[in-house]
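*Asks:* Model the following, please.
(chains A, B, C and D)
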Number of protein chains: 2
Amino acid sequence: MRYSQQRETIREIVYSTNTHPTADWIFGRAKRTIPNISLGTVYRNLKCLEEMGELRTIFDGSIARYDWNMDPHDHLKCKVCGDLFDVQLMDEGIQSTVRKKYKFEVDNVEMTIVGTCNKHKEK
Amino acid sequence: MRYSQQRETIREIVYSTNTHPTADWIFGRAKRTIPNISLGTVYRNLKCLEEMGELRTIFDGSIARYDWNMDPHDHLKCKVCGDLFDVQLMDEGIQSTVRKKYKFEVDNVEMTIVGTCNKHKEK
DNA sequence: TATTTATATAGTAATCATTCCTATTACTAT
DNA sequence: ATAGTAATAGGAATGATTACTATATAAATA
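*Replies:* Below is the predicted model:
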């Protein structure tokens, strides 16, 4: 894979935030540095970066978000503000339970917990 | 909400399978009974049925699938054949852990476990 | 350094799932 | 049966993502 300023810029943008940005948000940021970058370039490079193990795709409903945190972790999704927060809940038991009970080889567990974050406490 | 044959047909189709069908699959099936049903009607009624508590939407990557099983349960997704299987893993501990540790009110936990189902055992 | 070769890009068109719009149809209460 | 209203069919619009293609550029070579 050949170096490109575009890919490096996209990687830096994803790594600079913990907001799990969408392709469109990344596109908007990238234009500040490379004004004529195209959205197709953003998508293509996000896919490359995923294959390189530099980031992973998470789905928030039907739209893709990109996460630089490659450690096993889950997400809290606030139904009020829509924010996604990283959490470490990894229950090692799940993997072996699933293997034994359902004869299913686990690659990875994707868990999103939907609710209300502490910014929206009722008085 | 007024009765309609379309909504009833759609409900029966979702309830007749455990394949977690997509809107398009449901549309194809519904056409057998109501040849001139439209895709918009399928989507609108799936949303109605969800609001009525008759089914729920789950996301498989970026596409919506519909599930008549309203009991709390999770899904195993086979990366080989793409099938989604229902599983009961519900760990009651997650809810209280998340509430205490992250001050987050949990509404529901969406977990998909990706791996390989037992139809694809290597010899 | 200049030349070559191949890969990445910009820009645009195409695709796909889903939602929106509107004139028409059909339940249901009177 | 009729009026009133909610649901429908059909098609257009939207939004995210992917595909296409001529041009630009990284990097290997002379």
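
*Asks:* So the host helix or strand of A:Val14, near DNA strand C or not?
*Replies:* Assigned by DSSP states H and E, A:Val14 falls within helix A:5-15. Yes. Residues of helix A:5-15 contacting DNA strand C under Cβ under 7 Å from any atom of the strand: A:Gln6, A:Arg7. Where C-beta positions appear, they are placed from N, C-alpha and C, glycine not excepted.

*Asks:* Check which residues of that helix are buried.
*Replies:* A:Gln6, A:Arg7, A:Thr9, A:Ile10, A:Arg11, A:Ile13, A:Val14 (16 or more other Cβ atoms under 10 Å in any protein chain shown).

*Asks:* Is DNA strand D within reach of stretch A:73-92?
*Replies:* No. Stretch A:73-92 does not reach DNA strand D (Cβ under 7 Å from any atom of the strand); its nearest approach is 12.8 Å.

*Asks:* Can you dump the C-alpha atoms of that stretch in CSV for me?
*Replies:* C-alpha atoms of stretch A:73-92 as CSV (Å, rounded to 0.1, in the frame of the first residue of the first chain):
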residue,chain,number,x,y,z
HIS,A,73,-14.8,-2.9,24.7
ASP,A,74,-18.5,-2.1,24.4
HIS,A,75,-20.6,1.0,24.0
LEU,A,76,-23.2,3.0,25.9
LYS,A,77,-25.5,4.8,23.6
CYS,A,78,-27.5,7.7,25.1
LYS,A,79,-31.0,7.9,23.6
VAL,A,80,-31.2,11.6,24.6
CYS,A,81,-28.0,13.1,23.2
GLY,A,82,-27.0,10.2,20.9
ASP,A,83,-23.5,10.1,22.3
LEU,A,84,-21.6,6.8,22.3
PHE,A,85,-19.3,6.1,25.3
ASP,A,86,-16.7,3.4,25.6
VAL,A,87,-17.1,0.9,28.4
GLN,A,88,-15.1,-2.1,29.6
LEU,A,89,-17.6,-4.8,30.6
MET,A,90,-16.1,-7.8,28.8
ASP,A,91,-17.4,-10.9,30.4
GLU,A,92,-15.0,-13.7,29.6
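
*Asks:* quick check: mean pLDDT across it?
*Replies:* For stretch A:73-92, mean pLDDT rounds to 88.

*Asks:* Show me which positions of that stretch end up buried.
*Replies:* Within stretch A:73-92, the residues scored as buried using 16+ other Cβ under 10 Å are A:Asp74, A:His75, A:Leu76, A:Lys77, A:Cys78, A:Leu84, A:Phe85, A:Val87, A:Leu89.

*Asks:* Out of those, the closest to B:Arg29 would be?
*Replies:* Within the buried residues of stretch A:73-92, the smallest distance to B:Arg29 is 31.7 Å, found for A:Lys77 (Cβ to Cβ).

*Asks:* measure that closest one to B:Arg44 for me?
*Replies:* Computed as Cβ to Cβ, to the nearest Å, the A:Lys77 to B:Arg44 distance reads 25 Å.
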